[in-house]
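Enquirer: 3D, please:
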Amino acid sequence: MTWRGSTTPQDRLFACLVYLLPLLDGLRFAAPFFQQFPALLPILIPFQPLMALYNFPFAAFIIFILLFMLVVRNDNISHFVRFNTLQAILLGIVLSLCSLVMSFILQPVLQGGLILETLFNVIFLGTVAAVVYAVVQSALGRYAEIPTISDAVYMQVR
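Expert: Now for the predicted structure:
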C-alpha cells in the first residue's frame, strides 16, 4: 500500500537496509538451528562484519537512539523510510523481550532440551520470515503489514 505517495529507489533501499537490525538481533536465537543444519552456516558469512560491529558494548542501544532520533522523528525523511525504520526497531524490541524471557525464565526452568531448542528455532525462523517479508515488500515499494507491530508504527509515524 503506497497511499502516502510514491517511493524512490533510494527510499526503497534505505527501507530494506534497516531490517538488518532485527535480523542481527534474531541471530541470538540461531545456534540450535545451525547446529541442526550445519550446511547452512555459509549463509552467515556476509553478516560476520556486521555482527562484529553490532556486538560491541551498547552498540545496539546507540544504533536504536540514532535511528529513532535522526530518522523516525525527522519529518524531512519520507514516511516510507520512517515507517520501515520504526517497524524494524519494534521488531528488535520484541526480540529483546523474547531474549529476556528466554534467559531469565525459560532457560532456568527448562535447562536446555528439545522444548527450548524448538522455541529458539521458532523465534529465529519467525524473525527470518518477518525480515524477508518486510524486505521484499519494501523493495517493491509497499508497506509491510506485520500484525500488531504495523498498527503500533502507524500510530507513532504520521
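
Enquirer: middle-most residue in this structure, spatially?
Expert: Pro22 (1.8 Å; C-alpha atoms, centre = their mean).

Enquirer: show me what contacts that residue?
Expert: Pro22 is in contact with 88, 91-92, 95, 127, 130-131, counting by C-beta atoms under 8 Å, 6 or more residues apart in numbering. (Each C-beta comes from the backbone N, C-alpha and C, glycine too.)

Enquirer: List the buried residues of the lowest-mean-pLDDT helix or strand in the chain.
Expert: Within the chain, no helix or strand scores below helix 107-110, which has a mean of 78 by mean pLDDT, DSSP states H and E. Neighbour counts over helix 107-110 (16 or more other C-beta atoms under 10 Å) mark no residue as buried.

Enquirer: Need the phi and psi values for the residue nearest to Met102 when sequence neighbours are not counted.
Expert: The spatially closest residue to Met102, leaving aside those adjacent along the chain, is Leu119, at 6.9 Å (C-beta to C-beta, 6 or more residues apart in numbering). With angles defined as degrees, to the nearest 10, Leu119 sits at phi -60, psi -40.

Enquirer: returning to what we had before: if we take the contacts of Pro22, which one ends up nearest to Val101?
Expert: Comparing the contacts of Pro22 against Val101 with C-beta to C-beta picks out Leu95 as the nearest, at 10.7 Å.

Enquirer: Can you tell me the element that closest one falls in?
Expert: helix 79-101 (DSSP states H and E).

Enquirer: Please apply the same query to Phe120.
Expert: Assigned by DSSP H and E, Phe120 falls in helix 114-139.

Enquirer: first to last residue in stretch 31-46, what's the distance?
Expert: Its start and end residues considered, stretch 31-46 measures 17 Å (C-alpha to C-alpha, to the nearest Å).

Enquirer: what helices or strands is the helix holding Phe120 leaning on?
Expert: helix 9-17, helix 20-26, helix 31-36, helix 79-101 (3 or more C-beta pairs under 8 Å, 6 or more residues apart in numbering; DSSP states H and E).
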